Each structure stands twice: as structure tokens, then as C-alpha cells.
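A.B. asks: Mind folding the following:
(one chain, ligands or ions: 2)
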Amino acid sequence: MLDSLPDPLPITPVEGFGGATLRPPGSKSLTNRALAVAALAEGTSTLTGVLDSDDTRVMLNALTALGLDVDHNPVAATVRITGCGGELPANDAGLFCENSGTSIRFLTALIAAAGRGTYRLDGVARMRQRPIGDLVDALNQLGAEVTCDLANGCPPLTVHTTGLSGGTATVESGASSQFLSALMMAAPAARGPLTLRVPGELVSVPYVVMTRRVLEAFGVRVSEENGLFHIAPQTPTATEYAVEPDASAASYWFAAAAILGGTVTVEGLGTGSVQGDMDFLRVLRAMGCEVRIEEEKTTVTGPPHGRLKGGQTFDMGPISDTAQTAAAVAVFADGPTTVTGIAHARHKETDRVAAVVTELRKLGQECEEHADGFTIVPKPVTPAIVHTYDDHRMAMSFALIGLRENGVQIADPGCVAKTYPGFWQDLQTLTGREL
Ligand SMILES: O=C(O)C1=C[C@@H](OP(=O)(O)O)[C@@H](O)[C@H](O)C1
Ligand SMILES: C=C(OP(=O)(O)O)C(=O)O
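C.D. replies: Numbering: from 1, shown residues only. Ligands and ions are numbered 1, 2, ... in the order given. Below is the predicted model:
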């Protein structure tokens, strides 16, 4: 479907929305974590509900290139993977990680801990601008020899390693929490007990909690005291792991209910979810939506006529992947909405703060750009082609504006494949009509 979509893709407003039930695909973050930890385990793990997208394909291909036995069934959404028990079979590899932050960060640490040889990791042009130097520094403190080949704190990287010693490493985590998550998942393969110290700000905290939960599922415990994380050397235990639907992906459907003033139920995400992005529901609640979170599903009902409450400020630092979704909803509020705490979103697929402001202005909105976020003052929507900057979340969130207003067209709609190749199909399911 992605190949046959017009570019730009016009979005037609929905009249008389009757409600919908959807189940987004598996979580990218959980799929790539479960793969990384299963790769270090002893024995064969079976993962179910796995996401099949660009970012997970990068991870699967890399693990295969590192010599692991990986059997992916995209139709059944399963992966069977036999772990290496702590030492990777391949002594060299060149891994192309496209623009998958989780993949390049998790793999760099995994290779440093379980590799024996020399490996190279690289990505697309944008990946060469995304920070990884703080992770490199931490790995070098633990005895690996990792270099940023262009000496700019970004990929491409060369990892020369005989494994990691134990000891203490300091990891700056103000640019990305993925550095700490990567170290935690690699730590069990180190030769001695490892302590991780985060001296300054830690962004995207719920993803670190998620990392600990996935490690626990494979029998690995991370203990924490006074801001220090301790992990003992051990071999993760192979297991059956069920990946939840993606909560960041679900934010688009929750937001659709808000914007259309209807009811949307998302299946497979409920009270037990380990994903921080479920907290996006807090934003929708504050803006006037009714939210019901049950054990295995969540239902959002937007206010009648989609009249959302403005005049609010949201710190979205812990849930920055949903800041663009919030920006789309803010267009329909009855006053300004301010989002703060997302300076780190400038280092993602694109500078998301700048991209939101630029594209909302094209659509006639009054916007103010701040160092760590934006303020949106809703105005009548004017027709425009929305540029998406190779960022799946720009495409998915701005499409929501077109569900209510005429003239929204999404450039490069295929970029959703990074995490949600079925997004446009699911949009058809939501609206009950062809695109
Ligand atoms: O660990 C993860 O799975 C992720 C952490 C977040 O990144 P940062 O920690 O860089 O904010 C998030 O934006 C990304 O989509 C996935
Ligand atoms: C930031 C994202 O991805 P990553 O950092 O894994 O490339 C995302 O999916 O929004």
C-alpha cells in the first residue's frame, strides 16, 4: 500500500464519526529491547506480537549479521531467537542502522559487551547528526575502544572490543535515555558487577523503567539506590515474551477521538502496560476527553463537537514521542496550548520542535518556538502540503488535522514505515472509508 499512495497524500475530513476499535502493531521499543536481551540469553526465546517495521528490521538484520539464529515470521508476528549466552558468534560486522536510534544505541553497547573483534555501525545522513558520544564515553570507561569516526559525537562508529570489565561508568543522559537503557541491557554480559551513574538530567525516564521490566522478564534484576544502578554479571534466561501494542502509535487513535468528538477503543493496551506513552492520556483528559483504562483496552471519548480545553501547559519530557500528537490536538483547543520539556526531541528523526512550528504555521496556526517546546495559538486552518522531514511522527500526527479540516496534504506518506507501516490502512479502518 505504501508504494501506491499519492505523494502528497490528501486527507479528507470525516463527517459524523461513529467511533472505532483498533489494535496498533507491536511496540517498537519493546520489540527491540526483547530482541537485544534475548540475543544475550542462553537458549531460544519466542517473542510474540512483534512489530514488523523499518526499525525492527534493522535490529533483526543486525543480529543475524552478528551470527545469531533468528527466525522471523512477519505474518504470525513472531520471532524465535537463540541467544549467544554472552559472546557473539561474529568477530566483525558492518551494521547499517538506517535512522533507528534504539537499534544503533542498543547494538553499540551489546557489541561492546558481547563482541570479540572489530565492528562498524553507521546510518543515514540524519543518523550521522544524532548524538551517541555519551554512550561511547561510558563504554570506553568500561574497557571497550569505541570511536566516533568523524570525531563529532555521532555515528559512524567503530567498536573494537574484548568485552566489558565491571566497575562504575558515568553516563550523561540529557540527550537520550537510550544510552542508559543500552548499558543496562549489555551489563549482564560484562565480566564483573557494573554500576551506572547518571550525573545530570535523565530524559525519557519511563523508557528506563521499561528496560528494567524487560530485563526482569528475562530473569535479570537491576537494583537502584541513590540514583546508582547495579547489575550483576549473569546470563539472561530465554523466555516467551509477549510484546504489547505500541502506545506511541496508539496516541494517534486516542487523539482522533479527541479531534472528532467520538469514541475510539484501543485493544491490547490497558492498566498493566509498561509503556510510558500511555501517559499521553493525561493530556487528553486535561483537554476535556473522557478516558477509561481497563485491563486489556483503553477507550477515549472526545468532548461533544471536539471542543477541547486550551489555556494549559504540559511538560511532555517523559513522553516526547507524543508531543507532535498533542500539537495536532492543540489546533482544536479553545485557547493556547504550551508543551515544555522536550528539548531532546530536537535530536530525533528531525528537529521535532522546529518541524512542528514550521508546519503548523503553514497551516495558519500562530506558534511560538521555545528552546524546550512550543506554544500553539489555534487559528482557522489554511490548506497546505505538510512536509514530514523523514519523520513518521510528523506524518501520523499532522494527518489527524486533516480528519477535521479541509486541504491538509501529507508529503512522503511512506515515511510511516519506520514504526507503523500499516498506519494508513488503520486510518481507513478508523474512518470507515478509502483514503
Ligand atoms: O528507549 C526507547 O525505546 C526510546 C526512547 C525515547 O528516546 P530518547 O530517550 O532519546 O528520548 C523515544 O523517543 C524513542 O522513540 C524510543
Ligand atoms: C525517536 C524515535 O525513534 P528512535 O530514537 O528509536 O530512532 C521515535 O520513534 O519517535
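A.B. asks: Hmm, Ile104 is touching Pro156, no?
C.D. replies: No: applying Cβ atoms under 8 Å as the test, Ile104 and Pro156 come out as separate, 9.7 Å apart. (Each C-beta comes from the backbone N, C-alpha and C, glycine too.)
A.B. asks: Tell me if Leu47 really is in a strand.
C.D. replies: Yes: judged by DSSP: H, G, I helix; E, B strand; the rest coil, Leu47 forms part of a strand.
A.B. asks: what's the burial count for the closest residue to it other than its chain neighbours?
C.D. replies: In space, Leu47 comes closest to Val79 once its chain neighbours are excluded; the distance is 4.6 Å by Cβ to Cβ, 6 or more residues apart in numbering. For Val79, the neighbour count with other Cβ atoms under 10 Å is 26.
A.B. asks: Touching, Leu66 and Asp92? I think so.
C.D. replies: No: with contact defined as Cβ under 8 Å, Leu66 does not count as touching Asp92 (9.8 Å).
A.B. asks: Neighbour count for these two, which is higher?
C.D. replies: Leu66 (23 against 13).
A.B. asks: how near is the more buried one to Ser53?
C.D. replies: 20 Å (Cβ to Cβ, to the nearest Å).
A.B. asks: ditto for Val331
C.D. replies: In terms of Cβ to Cβ, Val331 sits 27 Å off from Ser53.
A.B. asks: ok, back up a step: give the residues shared as contacts by Ile104 and Pro156.
C.D. replies: Leu121, Gly123 (Cβ atoms under 8 Å, 6 or more residues apart in numbering).
A.B. asks: the more surrounded of those two?
C.D. replies: More crowded of Ile104 and Pro156, by other Cβ under 10 Å: Ile104, with 29 against 19.
A.B. asks: For Leu281, see how far away the more buried one is.
C.D. replies: Ile104 sits 30 Å away from Leu281, going by Cβ to Cβ.
A.B. asks: swap in Tyr389?
C.D. replies: Distance, Tyr389 to Leu281, using Cβ to Cβ: 27 Å.
A.B. asks: in the helix or strand harbouring the residue nearest to Leu47, what's buried?
C.D. replies: Following DSSP states H and E, one finds Val79 within strand 78-82. By neighbour count on 16 or more other Cβ atoms under 10 Å, the buried set for strand 78-82 is Thr78, Val79, Ile81, Thr82.
A.B. asks: what about the residue in the stretch 1-150 of the chain positioned nearest to ligand 2, how many residues close to it?
C.D. replies: Residue of the stretch 1-150 of the chain nearest ligand 2, by Cβ to the nearest ligand atom: Gly101 (2.5 Å). Gly101 has 20 neighbouring residues, counting by other Cβ under 10 Å.
A.B. asks: wait, Thr382 sits on Leu360?
C.D. replies: No: at 10.7 Å, Thr382 does not count as touching Leu360 under the criterion of Cβ under 8 Å.
A.B. asks: the more surrounded of those two?
C.D. replies: Higher neighbour count among Thr382 and Leu360: Leu360, with 26 against 14, using other Cβ under 10 Å.
A.B. asks: Show the pLDDT at that one.
C.D. replies: pLDDT, Leu360: 98.
A.B. asks: Am I right that Tyr119 falls within a helix?
C.D. replies: No: Tyr119: not assigned to a helix; according to three-state DSSP it is strand.
A.B. asks: Contact partners for it?
C.D. replies: For Tyr119, counting by Cβ under 8 Å, 6+ apart, the contacting residues are Asp92, Ala93, Gly94, Leu95, Ile111, Thr158, Val159, Thr161.
A.B. asks: Same question for Val220.
C.D. replies: Residues near Val220 by Cβ under 8 Å, 6+ apart: Val37, Pro188, Ile231, Gln234, Pro236.
A.B. asks: By neighbours, which of these wins?
C.D. replies: Val37 (30 neighbours).
A.B. asks: Setting the sequence-adjacent residues aside, check what's closest to that residue.
C.D. replies: Excluding its sequence neighbours, the residue lying closest to Val37 (Cβ to Cβ, 6+ apart) is Phe218, at 4.8 Å.
A.B. asks: Okay, Phe374 and ligand 2: tell me how far apart.
C.D. replies: As defined by Cβ to the nearest ligand atom, to the nearest Å, Phe374 lies at a distance of 17 Å from ligand 2.
A.B. asks: Just grab the bridge partners of that residue for me.
C.D. replies: Beta-bridge pairing for Phe374 (DSSP bridges): Val339, Glu369.
A.B. asks: Surely it and Thr338 touch.
C.D. replies: Yes: look at Phe374 against Thr338 with Cβ under 8 Å: they come within range, at 7.3 Å.
A.B. asks: Between those two, which is the more surrounded one?
C.D. replies: Of the pair Phe374 and Thr338, Phe374 is the one with more neighbours under other Cβ under 10 Å, namely 23 against 18.
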